[in-house]
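1. sharing a model that was predicted from the sequence below.
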Amino acid sequence: MLLDTRPTTFDELIRISGLSHGTDVWVGNAQKLIEEGTVTLQDAICCRDDIMIYLIKQGLPPNSAFKIMELVRKGKATKDPEKWAEYVELMKQYNVPEWYIKSCEKIKYMFPKAHAAAYVTNAFRIAWFKVHEPLAYYAAYFSIRADEFDSECMIFGKEKVKNKMKEIDLAGNNATVKDKNMYAILELVLEMYERGFNFLPIDLYKSHSSKFLVEKEGIRPPLNSIPGLGTVAAEGIEKARQDRKIHVNRRLKNTFKSRKLSNRPT
């Protein structure tokens, strides 16, 4: 959709959000009209509000413009042929082009512009952080979205990440659900490495139980990113550490040692 429309303004991003969340608004409708050169992105019907505003600008009474918008955005233009014929006649009286009327008839559901604006505003904020505060972006994403983050294949450099991705690719349909869910996270981890950022070792005394922490040298993964160490156990370690009563048993020491993790107090 972005390649087809080449947006250059914030308004156009909002229009694309409306197109992507509607049903039969883009595919076989606005997409075809734009490709044929009939309309531009600015002229296409993208959000439900566009219909009412356009019809009022054409001179239709506001009440009629609102009712047409409501009929179209619910996908009822063709379900009530008698009422729709009445509205089509009214639109033709005010020189609404044929392509516009046909476009309305194809629509099954339309997104409200306020929702589209909220989605794009939020996405724009996230994009700003990804560009200007990348460590904060990656730490937040991994903390909130990366349930399948696996420290064994993700924190030891991009070659290990690439190998894991290749392993999942080769497995094809036989890949586990966990590995399939992990793939998108691996892509983001690889992107992070390619941008020159790194993970710090998981540290028994510095790592949070479940949040990725931003430090000067990089991002420090949490304790629960260690395979087999759940969040409850990680929270128990963090609490014991805060109470200054932490005792590292032999098994946990061996776990940290075998995975090249840090278990020494600062």
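-> Nice, thanks for sending it over. These numbers come from a predicted model, not from an experiment. Numbers count the residues shown, from 1 in each chain.
2. tell me where the model's unsure across this structure.
-> The model of the chain has pLDDT under 70 over residues 245-266.
3. let's see 90
-> Along the chain, segments meeting pLDDT under 90 span 1-6, 78-80, 145-148, 175, 178-179, 204-205, 227-231, 234-235, 237-266.
4. tell me the domain boundaries of it?
-> The chain breaks down by automatic domain parsing into domains covering 2-114, 133-258.
5. possible to save those domains as a markdown table with distance to Asn122 and mean neighbour count?
-> Backbone N, C-alpha and C define where each C-beta goes, glycine included. Shown next, in a markdown table, are the domains of the chain (distance: least, CB to CB, whole Å; neighbours: other CB atoms under 10 Å):
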| stretch | distance to Asn122 | mean neighbour count |
| --- | --- | --- |
| domain 2-114 | 10 | 17 |
| domain 133-258 | 13 | 15 |
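6. CSV please, covering those and showing distance to Ala127.
-> Shown next, in CSV, are the domains of the chain (distance: least, CB to CB, whole Å):
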stretch, distance to Ala127
domain 2-114, 10
domain 133-258, 9
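7. of all the ones you listed, which lies closest to Ile126?
-> domain 133-258 (7.2 Å; CB to CB).
8. distance between that closest one and the chain's centre?
-> Mean-position distance between domain 133-258 and its chain equals 21 Å (CA atoms, centre = their mean, to the nearest Å).
9. stretch 129-138 now?
-> 15 Å.
10. end-to-end on that stretch?
-> Start and end residues of stretch 129-138 are separated by 9 Å (CA to CA, to the nearest Å).
11. then stretch 202-212?
-> Distance between the two ends of stretch 202-212: 10 Å, counting by CA to CA.
12. dump the residue contacts of the closest residue to Pro112 other than its chain neighbours.
-> Nearest in space to Pro112, with sequence neighbours left out and distances taken as CB to CB, 6 or more residues apart in numbering, is Arg48 at 5.7 Å. Arg48 makes contact with Met69, Val72, Arg73, Met110, Phe111, Pro112, Lys113, according to CB atoms under 8 Å, 6 or more residues apart in numbering.
13. would you turn those residues into CSV with secondary structure and distance to Leu223?
-> Formatted as CSV, those follow (DSSP: H, G, I helix; E, B strand; the rest coil; distance: CB to CB, whole Å):
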residue, secondary structure, distance to Leu223
Met69, helix, 53
Val72, helix, 53
Arg73, helix, 49
Met110, coil, 47
Phe111, coil, 41
Pro112, coil, 43
Lys113, helix, 44
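14. widest-spaced pair of these?
-> Top of the distance list for those (CB to CB): Val72 and Lys113, 14.2 Å.
15. any idea how far the residue nearest to Pro112 is from Lys108?
-> Distance, Arg48 to Lys108, by CB to CB, to the nearest Å: 12 Å.
16. ranges for the helices of the stretch 51-200 of the chain?
-> Secondary structure of the stretch 51-200 of the chain by DSSP state H, counting those that start in this stretch: the helices cover 62-73, 81-93, 98-106, 113-132, 134-144, 151-154, 158-171, 177-194.
17. in a markdown table, list the ones you listed along with distance to Tyr205.
-> Below are these laid out as a markdown table (distance: least, CB to CB, whole Å):
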| stretch | distance to Tyr205 |
| --- | --- |
| helix 62-73 | 57 |
| helix 81-93 | 70 |
| helix 98-106 | 61 |
| helix 113-132 | 28 |
| helix 134-144 | 19 |
| helix 151-154 | 17 |
| helix 158-171 | 25 |
| helix 177-194 | 24 |
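18. so which of those helices is nearest Ser210?
-> helix 134-144 (7.2 Å).
19. other SSEs contacting that closest one?
-> helix 113-132, helix 177-194, strand 213-215, strand 218-220 (3 or more CB pairs under 8 Å, 6 or more residues apart in numbering; DSSP states H and E).
20. what sits up against the third one?
-> For strand 213-215, contacts defined as CB under 8 Å, 6+ apart pick out Leu135, Ala136, Ala139, Leu200, Lys206, Ser207, Ile219, Arg220, Pro222.
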